[in-house]
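Asks: how would this look folded up:
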Amino acid sequence: MELFDAIRRRHSYRGGFKDTPIKQEDLIKILEAGLMAPSGKNAQTTEFVVITEPDLVSKINLMHENNKAMQQAKAYIACIIDKNPSAVYEGLSFQIEDCSAAVENIFLAITDLGYATVWVDGWLRIDRRAEKIAEFINLPSSKKIQVILPVGIPSESLSSPKKKSFDERVFFNSYQK
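Replies: From the prediction side, this is the model:
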């Protein structure tokens, strides 16, 4: 798949997944894409926990009440950052930005390989869900799950939502709204 085709086709997928496991070699390619993302001061602080063990997957599947992707995922990718990140530039840390860049690369790799996912962040922050999943995966108390991605082969054909036009969102030399 061409890069711009993957960018156009990539979207947040909340539909169901086929009952097919994710190939280990595909998960490795997907994670390699995430690891190749840029990071602030090249600190490379983003880490991942890939959750494929059926009992762990099932525990997470059962946590979501209405998102089919979360309920039927065959694997999860948890993006891990420090709870209290160290500064890497002028007193600033960029771990959230680094995680975001890695997740976008992962989205493109997932799309390219014929899988689907949705960025799950806000849901993690409610009812201690991130902490509960952290316990499942033995995450050290100094780390946190910033984003979790349910991964699977889509069982539904859904298209990307309509995007605003270029002219509505891009301005040259001066903001013009």
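
Asks: tell me the confidence at E53?
Replies: Looking at E53, its pLDDT stands at 97.

Asks: can you give me the strands in the chain?
Replies: For the chain, the strands defined by DSSP state E occupy 47-51, 75-82, 143-151.

Asks: for the closest residue to L31 other than its chain neighbours, give the beta-bridge partners.
Replies: Nearest non-adjacent residue to L31, counting by Cβ to Cβ, 6 or more residues apart in numbering: F48, 5.8 Å away. In this view, the C-beta of every residue, glycine as well, is placed from N, C-alpha and C. Taking DSSP bridges, one finds C79 as the beta-bridge partners of F48.

Asks: select the longest helix from this structure.
Replies: Counting residues, the longest helix found in the chain (DSSP state H) is helix 95-112.

Asks: contact partners of that one?
Replies: Applying Cβ atoms under 8 Å, 6 or more residues apart in numbering, the contact partners of helix 95-112 are 1, 3, 6-7, 9-10, 29-40, 43-46, 48, 77, 79, 81-82, 85, 116-117, 119, 146-147, 149, 151.

Asks: restricted to helices, list those residues.
Replies: Using DSSP H, the contacts of helix 95-112 in helices are 3, 6-7, 9, 29-35.

Asks: which one of those residues has the most neighbours?
Replies: Using other Cβ atoms under 10 Å as the neighbour criterion, I30 leads these with 26 neighbours.

Asks: now do it against V118, distance only.
Replies: I30 is 15 Å from V118, where distance means Cβ to Cβ, to the nearest Å.

Asks: go on, G34?
Replies: Separation of G34 from V118 (Cβ to Cβ) stands at 16 Å.

Asks: please apply the same query to K29.
Replies: Where V118 is concerned, K29 sits at a distance of 20 Å (Cβ to Cβ).

Asks: and what of A134?
Replies: Counting by Cβ to Cβ, the separation of A134 from V118 is 20 Å.

Asks: with R8 instead?
Replies: Per Cβ to Cβ, R8 is found 17 Å from V118.

Asks: so for those two, which sits in the more crowded spot?
Replies: The neighbour count for R8 versus V118, taken as other Cβ under 10 Å, is higher for V118 (20 against 12).

Asks: quick one on the thing from earlier: closest one of the ones in helices among the contacts of helix 95-112 to E156?
Replies: Taking Cβ to Cβ as the measure, E156 sits nearest to R9 out of those, at 14.5 Å.

Asks: check contacts around that closest one.
Replies: 1, 111, 160.

Asks: switch the cut-off to 10 Å
Replies: 1, 108, 111-112, 116, 159-160 (Cβ atoms under 10 Å, 6 or more residues apart in numbering).
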